[in-house]
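Asks: sequence-free structure coming up:
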């Protein structure tokens, strides 16, 4: 997540969506507060692209894969949140809203120093409430290390390194740590 805009008031969901389209930039939204997004590095984009490409080539046509430009909407106790994950997949055919998805089977965050704390805490807490979410995957940029949090393992992390593989979206696709970091030099 980025930095909260200085708001004289809270925004409704409709006002947020209208504002985002007016400014033409991606903004995240949490319970009435709009957060400006920060840009990513070349390494961040290469890693996210590798993951997108691998998933897009494996998942069946009934699944959709998104990279950075589509939101995940989560209903909260006091409103809703709308985030832009780095990569996510939705295999629920009824989940086809134009601006967001609500039932991803997996979400990937490529960690950055400015967003890592929120990716590990605030966003992760809300993502776990999504009934269809099977995995939340955190990908480091500075070392070839991937953390996989799975619903089936009570959200306890598996830490993976080069040579390891991850089955995602009910086994419909597989990511390899080597593939995630293809073209990245450490």
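Replies: Looks like it came in fine. None of these values were measured; they are calculated from a predicted model. Residues are numbered from 1 along each chain as shown.
Asks: Show me the shaky parts of the chain.
Replies: By pLDDT under 70, the low-scoring segments of the chain are 1-8.
Asks: Select the longest strand from this structure.
Replies: strand 104-110 (DSSP state E).
Asks: After that one, which helix or strand is next?
Replies: Next along the chain after strand 104-110, taking DSSP states H and E as the criterion, comes helix 116-120.
Asks: after that following helix comes which helix or strand?
Replies: Past helix 116-120, the next helix or strand by DSSP H and E is helix 122-127.
Asks: That following helix: which residues count as buried?
Replies: 123-124, 126-127 (16 or more other C-beta atoms under 10 Å). Every residue, glycine included, has its C-beta placed from N, CA and C.
Asks: Over to stretch 106-119?
Replies: By 16+ other C-beta under 10 Å, the buried positions in stretch 106-119 come out as 106-112, 115, 118-119.
Asks: State the distance spanning the first to the last residue of that stretch.
Replies: End-to-end distance of stretch 106-119 (C-alpha to C-alpha, to the nearest Å): 14 Å.
Asks: any idea how far that stretch is from the chain center?
Replies: Relative to the centre of its chain, stretch 106-119 is centred 8 Å away, using C-alpha atoms, centre = their mean, to the nearest Å.
Asks: now stretch 125-143
Replies: With C-alpha atoms, centre = their mean, you get 7 Å for stretch 125-143.
Asks: Could you give me the buried positions within it?
Replies: Within stretch 125-143, the residues scored as buried using 16+ other C-beta under 10 Å are 126-127, 130, 132-141.
Asks: Tell me which of those fall in strands.
Replies: Using DSSP E to define strands, the subset of the buried residues of stretch 125-143 located there is 135-139.
Asks: Need those in a markdown table (columns: distance to residue 83).
Replies: Shown next, in a markdown table, are those (distance: C-beta to C-beta, whole Å):
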| residue | distance to residue 83 |
| --- | --- |
| 135 | 16 |
| 136 | 12 |
| 137 | 15 |
| 138 | 14 |
| 139 | 16 |
